[in-house]
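S.K.: Here's my sequence, what's the structure:
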Amino acid sequence: MLSNATKVSLSKFMTKLLRHTPEQYGLILDPEDGSCTLDDLLSVLVKAPRWSEVTVGDIQQVVASCEKQRFEINGDRIKARYGHSHTKITYDPGTPPSTLYHGTHTGVLSVILEEGLQSMGRQYVHLSEGTHFASLAGSRRGKLILLTVDTISAGQMGVTFYCAGNEVWLADPIPASCLKVYTPL
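M.R.: Numbering: from 1, shown residues only. The predicted model follows:
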């Protein structure tokens, strides 16, 4: 069984491979859904000296224990659910709940409330059905601020939403008029 620190480290490397720079390591992802076989991922991982002993079981352990549910295994294939910065992954449009959440920090709040939510180097804006995942994402860079997104208004303004699974939604840029600072009841 991997230690928590090792799982975090392996998760970060898997993120790099499956979300950002697969081509740098010779990993070829399916252009439709961004997946590859577990064996292909494993063959790339074991080439790195730190991960020469890693197994498919270790990969499965990382996927199962990832609090943010970044990865998905389906049969013998694995993919990152969201967060891609390489070739655009295709998702089917969906109808989200009327309110979604976005975690950010105080340092960028004024810009977001003026310009709206942008994908910021990723392919989509990341949103959550609940405050838990939004809080995890937003607390990394400063004092956490949660925003609510009025998805009905955004949809009427032409924003398309995509379900990435496990309460995570992706979207086109969100206009500022569809955002409010979340204040718990």
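
S.K.: residues in contact with the longest helix seen in the chain?
M.R.: When the chain is parsed with DSSP state H, its longest helix is helix 4-15. Helix 4-15 has contacts (C-beta atoms under 8 Å, 6 or more residues apart in numbering) with 2, 41, 45, 48, 50-51, 54, 58-59, 61-62, 65-66, 70-71, 80, 83. C-betas here are computed from N, CA, C, even on glycine.

S.K.: Would you mark the buried spots in it?
M.R.: Buried residues in helix 4-15, defined by neighbour count with 16 or more other C-beta atoms under 10 Å: 6, 7, 10, 11, 13, 14, 15.

S.K.: Any quick ChimeraX command for the buried ones out of the contacts of helix 4-15?
M.R.: Once 16+ other C-beta under 10 Å is used to decide burial, the buried members of those can be selected in ChimeraX as follows:
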select :2,41,45,51,54,58,59,61,62,66,70,71,80,83
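
S.K.: out of the contacts of helix 4-15, which are inside strands?
M.R.: Among the contacts of helix 4-15, the members falling in strands (DSSP state E) are 71, 80.

S.K.: can you tell me which of the contacts of helix 4-15 are in helices?
M.R.: Reading helices off these with DSSP H, I get 41, 45, 58, 59, 61, 62, 65.

S.K.: Closest one to residue 28 out of the buried residues of helix 4-15, please.
M.R.: When these are ranked by distance to residue 28 (C-beta to C-beta), residue 14 comes first, at 15.6 Å.
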